[in-house]
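Q: Next come a sequence and a model predicted from it.
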Amino acid sequence: MQKYIKLNLFFLGNSKKHHIFRAKKWDKNLEAIFHKPVFTEQYEEIGYIKEIFGPIKLPFVSINILPNKKFNPNDTIYAKLH
């Protein structure tokens, strides 16, 4: 069964290769999204979770966007768990 999890993230900015977000809410169970694909509300794959780092309670999340994919970082995004 595939499960999509809505990510409650705040966009901070871009690095050279990634989009950096800060978690608004975090549960330790969300660590399972590490290296998982990321999707828009229309379930279009836009990239994957590259890294989770920083404070344990409200970490930063780095998302690597696929080549030639455009998306609004302020839109709702989802991670897919297998």
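A: Looks like it came in fine. Keep in mind that what you see is a predicted model, and the values were worked out from it rather than measured.
Q: pull the longest strand from the protein.
A: Across the chain, the longest stretch assigned as strand under DSSP state E is strand 45-53.
Q: which helices and strands does that one pack with?
A: For strand 45-53, the packing partners by 3 or more C-beta pairs under 8 Å, 6 or more residues apart in numbering; DSSP states H and E come out as strand 18-23, strand 37-39, strand 60-65. Placement of C-beta: from N, CA and C, glycine included.
Q: What is the distance between it and the centre of its chain?
A: Strand 45-53 sits 5 Å away from the centroid of its parent chain (C-alpha atoms, centre = their mean, to the nearest Å).
Q: Direction included, what does that strand pair up with?
A: According to DSSP bridges, strand 45-53 has the following sheet partners: strand 37-39 (antiparallel), strand 60-65 (antiparallel).
Q: Can you list the neighbours in contact with the longest one?
A: Counting by C-beta atoms under 8 Å, 6 or more residues apart in numbering, the neighbours of strand 60-65 from elsewhere in the structure are 7, 9, 12, 15, 17-23, 38, 46-54, 71, 77.
Q: bridging residues for residue 77?
A: Beta-bridge partners of residue 77, counted by DSSP bridges, are residue 7.
Q: Quick check: closest non-adjacent residue to residue 75.
A: Counting by C-beta to C-beta, 6 or more residues apart in numbering, residue 40 is the residue found nearest to residue 75 once chain neighbours are left out, at 6.3 Å.
Q: how deep is residue 26 tucked in, by neighbour count?
A: 18 (other C-beta atoms under 10 Å).
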